[in-house]
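K.L.:
this one's structure only:
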C-alpha cells in the first residue's frame, strides 16, 4: 500500500495544479463549444472587415460603449474616438490585415460574457489581440479590444532604449494628473 501513495500524491498534485491553472473562466467548455465557434467566426470576420476596409461592418462588431486600446500608450479610445481616428485609414481602401495564429476563448458562468487572447500575424509581425465580448440580443459584440506588440525578451533592452525619450514625457504627464 505504501508504494501507491507516491502515485496517488502525484495524481492529486497534478489535478490540483490543473485546477489552479484553469482560472475562473472556461476555455471552450463542451457546453460553450458552439458559442466559442461563433466568437472565433466573429473575430475572424472582424479581422477580414478591417483588411477589406469595410468601416461599417468592422465597427458594427463593437458595442456602443466599447473601448479600443492600441499599441501606443496614447491610444485608448471609446468607439466614437476610435472611429474618428480610423476613418482616414479605412478611406484608403485598406486598413490592417490581421490573421489569427492561435486563439483562446473563455466564458464566465453565465455564458453571456467571454474574453479572449490571440496571437496575430500582422504587418507589425506577431501581435497579441485580447478583449472582452458580451452577448447582446443574441449576438456577440466586442466591448473591449486591446492590441499589443510582442517584443522578444532578448530585444527588450534595445526597444526600451528606443522608446524611452518619447515615453518618459508621457510618464511625466500622467504622473502630474
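P.N.:
Now that the structure is in, tell me what you want to look at. The model shown is predicted, which means the values in this text are computed figures rather than measured ones.
K.L.:
Sticking with residue 161, tell me its helix or strand.
P.N.:
In this assignment (DSSP states H and E), residue 161 forms part of helix 156-176.
K.L.:
secondary structure class for residue 40?
P.N.:
Here residue 40 is helix, with the state taken from DSSP: H, G, I helix; E, B strand; the rest coil.
K.L.:
what separates it from residue 116, distance-wise?
P.N.:
Distance, residue 40 to residue 116, by CB to CB, to the nearest Å: 9 Å. Glycine gets a C-beta too; all of them are placed from N, C-alpha and C.
K.L.:
again with residue 135
P.N.:
14 Å.
K.L.:
in the protein, which spans are strands?
P.N.:
Assigned by DSSP state E, the chain shows strands spanning 26-27, 62-69, 76-78, 99-107, 113-122, 125-136, 139-149.
K.L.:
so who does the residue nearest the centre of the chain touch?
P.N.:
Against the mean C-alpha coordinate of the chain, by CA atoms, centre = their mean, the closest residue is residue 130 at 0.7 Å. Under the criterion of CB atoms under 8 Å, 6 or more residues apart in numbering, the neighbours of residue 130 are 115-118, 145-146, 148.
K.L.:
Buried members of these into ChimeraX, please.
P.N.:
Command for ChimeraX that selects the buried part of these, burial taken from 16 or more other CB atoms under 10 Å:
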select :115,116,118,145,146
